[in-house]
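Q: quick one, fold the following:
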Amino acid sequence: MTKLMLIRHGETDWNREEVFRGQIDVELNSKGLRQAWLLAKYLRNEPLSAVYSSPLRRAQRTAEIVASYHSIKIEKSIQLTDMNYGVWQGLPKDKVIEQYSGLYKQWLKNPHLVQVPGGETLEDVKSRAYKLILQITGDFSDTVAVVSHRVVIKVLICTLLGLDISHFCNVKLGTCGITTFTYEDGLHILTKHNATSFLKHLGTTKENDF
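A: Coordinates of the predicted model:
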């Protein structure tokens, strides 16, 4: 049996300010670093055999902190990098709404049908990320942590549950949220979703799903 822990990276200033990040390399902010250390402490007794990460710094730093409790080296994979938002990358949400109102409304209603100019589709993200998950569940029979991004993890959750990625907007995921699947007898079984109880010491309860 493989235990697969899908983990969103800690907070960045662009999460808080609702700026589209995509493949722009943004660092964790001070809160994001605190989140990552609380996450690592929470997972310190998990028998992790591997930690995979997107190569973008916000995910990589989160993964490094988690891995530090286990004395293992993270495995970086471009397949886990954030969705390329094309011309939206680096723009605040209000600017996107102002400049691309029709496309943004479509993104909220039918995200699986949207391709921002110069960017990827959710299907593109699914194609690359799911291949890695299949490789991981084929190579390991124990616990693996996968640190990635909001869009990537939501797409993977839908895919592992056998849902069409049109259900993307039905999934909520906070920064440093953990979603856990077990893989046994050819089935991915959801056992925990968006676990963030370990962040309560930060004194905030609102999860940032942007």
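
Q: okay, stretch 41-60 in CSV with CA atoms only?
A: Output of stretch 41-60 as CSV, limited to C-alpha atoms (Å, rounded to 0.1, in the frame of the first residue of the first chain):
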residue,chain,number,x,y,z
LYS,A,41,6.6,19.4,12.8
TYR,A,42,3.1,17.8,12.2
LEU,A,43,4.7,15.3,9.8
ARG,A,44,7.8,14.6,11.8
ASN,A,45,6.6,11.1,12.9
GLU,A,46,5.3,10.1,9.4
PRO,A,47,7.6,7.4,7.9
LEU,A,48,8.3,9.4,4.8
SER,A,49,10.4,7.5,2.3
ALA,A,50,10.5,10.3,-0.3
VAL,A,51,9.5,14.0,-0.7
TYR,A,52,8.8,15.2,-4.2
SER,A,53,8.5,18.9,-5.1
SER,A,54,7.8,21.4,-7.8
PRO,A,55,11.0,23.2,-8.6
LEU,A,56,9.5,26.6,-7.9
ARG,A,57,10.9,28.1,-4.7
ARG,A,58,7.6,28.4,-2.8
ALA,A,59,7.1,24.7,-3.1
GLN,A,60,10.7,23.7,-2.9
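
Q: avg pLDDT for it?
A: Averaging pLDDT along stretch 41-60 gives 97.

Q: buried residues in that stretch?
A: Neighbour-count burial for stretch 41-60 flags 42-43, 48-56, 58-60 (criterion: 16 or more other Cβ atoms under 10 Å). Every C-beta, even on glycine, is put in place using the N, C-alpha and C of the backbone.

Q: of these, which is the nearest to Gly86?
A: Nearest to Gly86 among the buried residues of stretch 41-60 is Leu56, at 16.3 Å by Cβ to Cβ.

Q: torsion angles phi and psi at the closest one?
A: Leu56 adopts backbone torsions of phi -70, psi 140, taken as degrees, to the nearest 10.

Q: return the residues in contact with the closest residue to it other than its chain neighbours.
A: Excluding its sequence neighbours, the residue lying closest to Leu56 (Cβ to Cβ, 6 or more residues apart in numbering) is Asp25, at 5.4 Å. The neighbourhood of Asp25, defined by Cβ atoms under 8 Å, 6 or more residues apart in numbering, consists of Leu56, Arg57, Arg58.

Q: now distance to Pro117 too, for these, in CSV please.
A: Below are the contacts of Asp25 laid out as CSV (distance: Cβ to Cβ, whole Å):
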residue, distance to Pro117
Leu56, 21
Arg57, 26
Arg58, 24
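
Q: make JSON lines from the buried residues of stretch 41-60 and add distance to Trp14 to it.
A: Compiled in JSON lines, the buried residues of stretch 41-60 are given as follows (distance: Cβ to Cβ, whole Å):
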{"residue": "Tyr42", "distance to Trp14": "24"}
{"residue": "Leu43", "distance to Trp14": "25"}
{"residue": "Leu48", "distance to Trp14": "28"}
{"residue": "Ser49", "distance to Trp14": "32"}
{"residue": "Ala50", "distance to Trp14": "28"}
{"residue": "Val51", "distance to Trp14": "24"}
{"residue": "Tyr52", "distance to Trp14": "23"}
{"residue": "Ser53", "distance to Trp14": "19"}
{"residue": "Ser54", "distance to Trp14": "15"}
{"residue": "Pro55", "distance to Trp14": "17"}
{"residue": "Leu56", "distance to Trp14": "12"}
{"residue": "Arg58", "distance to Trp14": "9"}
{"residue": "Ala59", "distance to Trp14": "13"}
{"residue": "Gln60", "distance to Trp14": "16"}
